[in-house]
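> build me a model:
(one chain, ligands or ions: 1)
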Amino acid sequence: RVTMTEAELYTLYKGIYLPSALHPPESLRFYEDFTFRPDDILIATYPKSGTTWMQEIVPLIMSGGDPASVETLPNWDRVPWLEENRAYTLNLDQRPSPRTFSTHYKYDMLPRSFFETKPKVIYVMRNPKDVFTSAFHYFGTTSFLVKPGPQSEFLHKFLDGQVMFGSWFDHVKSWLNAEEKDRIMYISYEELFMDLKDSVARIAKFLEKPLEAEAVEKIADRCLFKNMKQNNMSNYSLVPAEYMDQTKSEFLRKGIAGDWKNQLTEAEAERFDAVYKEKMKDVTYKFVWD
Ligand code: A3P
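Numbers count the residues shown, from 1 in each chain. From the prediction side, this is the model:
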């Protein structure tokens, strides 16, 4: 097999890096031309913020808790990323409503149809220090991402947005400044972590899918880290080791809030905080981690 150079691994698209292997020009064009339906549900995240978790929660909610909703298709086909090369092979226009999709795009990168149709969005955010920590471990496991290198170097790249899907700060700010606020639910990884049952109930309410307390409980239980790890359709065990080597670090790695404390040095955490303070100075949203 051919090993790609660092420069070949990423494509610069609208000013941000995307892994070339997953996002050939055809897939980016497919998304640009994609037609949303008003009842579509879009899960939007910066990578490593809880995408896979939400790809488990939403199908379970929409099916009223039916386990088949997360046991039939792997998460990437169940709630496909619209910018990924698989999207145009899945006959998405033939899927029954309501369809559920994922995206790692910033708000301003979404296609025209999104702004015309205004589907519902669940935007999942996570403490960026934990996003960094998760990414640091994850990037090293794949063949399609530039290796993180030493932690100090990766920190520099992360804070500078020189990683896949660009700057965490720009991503979060773009979504917080979105116009269709009543169509967007903002929720954090930390809220899911602290109270999964309450989070499931709130998400169900946002999706206008009434659920009995018993169903909420069942769904929350299924979506616990330890239970999701057992689901081969969600734990990435179906990905061949040449693309993702989980002997280096599992995709469902630790599943906790605050792991950055075990990862960053004091000086690195301080540097992170300084950049955070500067980049987020105009943001009024109250994050759980602040
Ligand atoms: P860690 O590497 O910190 O463990 P994404 O799906 O956006 O790539 O995010 C992956 C992160 O979400 C990983 O974080 C993963 O373990 C965590 N995650 C996935 N499912 C989870 C769950 N049910 N509970 C807690 N964390 C979960």
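
> strands of the protein, residue ranges please.
10-13, 16-19, 41-45, 100-103, 120-125, 184-188 (DSSP state E).

> would you format those as JSON lines with mean neighbour count, distance to the ligand and mean pLDDT included?
Every C-beta, even on glycine, is put in place using the N, C-alpha and C of the backbone. Putting the strands of the chain into JSON lines (neighbours: other C-beta atoms under 10 Å; distance: least, C-beta to the nearest ligand atom, whole Å; pLDDT from 0 to 100) gives the following:
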{"stretch": "strand 10-13", "mean neighbour count": "16", "distance to the ligand": "18", "mean pLDDT": "94"}
{"stretch": "strand 16-19", "mean neighbour count": "20", "distance to the ligand": "13", "mean pLDDT": "96"}
{"stretch": "strand 41-45", "mean neighbour count": "25", "distance to the ligand": "5", "mean pLDDT": "99"}
{"stretch": "strand 100-103", "mean neighbour count": "24", "distance to the ligand": "9", "mean pLDDT": "98"}
{"stretch": "strand 120-125", "mean neighbour count": "22", "distance to the ligand": "7", "mean pLDDT": "98"}
{"stretch": "strand 184-188", "mean neighbour count": "18", "distance to the ligand": "12", "mean pLDDT": "98"}
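
> between those, which one is nearest to K279?
Smallest distance to K279 across these (C-beta to C-beta): 14.3 Å, for strand 120-125.

> pull the CA atoms of that closest one into PDB?
This file holds the C-alpha atoms of strand 120-125, laid out as PDB (Å, rounded to 0.1, in the frame of the first residue of the first chain):
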ATOM      1  CA  LYS A 120     -33.100  20.800  13.200                       C
ATOM      2  CA  VAL A 121     -29.500  20.700  14.500                       C
ATOM      3  CA  ILE A 122     -28.000  19.300  17.700                       C
ATOM      4  CA  TYR A 123     -24.700  20.900  18.200                       C
ATOM      5  CA  VAL A 124     -22.500  19.000  20.700                       C
ATOM      6  CA  MET A 125     -19.600  20.900  22.400                       C
END
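
> hmm, M228 and S234 touching each other?
Yes - contact between S234 and M228 holds when scored by C-beta atoms under 8 Å: they sit 5.3 Å apart.

> go through stretch 281-290 and flag the buried ones.
The neighbour-count check on stretch 281-290 (16 or more other C-beta atoms under 10 Å) flags F287 as buried.

> contacting residues around that stretch?
M125, N127, V172, K173, L176, Y186, S188, E190, E191, M194, A257 (C-beta atoms under 8 Å, 6 or more residues apart in numbering).

> re earlier: joint contacts of S234 and M228?
T52, E56, L252.

> show me the contacts for V58.
I41, I43, V79, T100, I122, I203, L207.

> isn't the last one up against D40?
No - assessed by C-beta under 8 Å, L207 is found out of contact with D40, at 11.4 Å.

> these two touch, right, A241 and T247?
Yes - between A241 and T247 there is a contact under C-beta under 8 Å: 7.3 Å.

> of those two, who's got more company?
A241 (12 against 7; other C-beta atoms under 10 Å).

> dihedrals phi and psi, that one?
phi -60, psi -20 (degrees, to the nearest 10).

> before we move on, back to that, of S234 and M228, who's got more company?
Taking neighbours as other C-beta under 10 Å, S234 and M228 compare with S234 leading, 25 against 21.

> for that one, give its distance to S20.
Distance, S234 to S20, by C-beta to C-beta, to the nearest Å: 26 Å.
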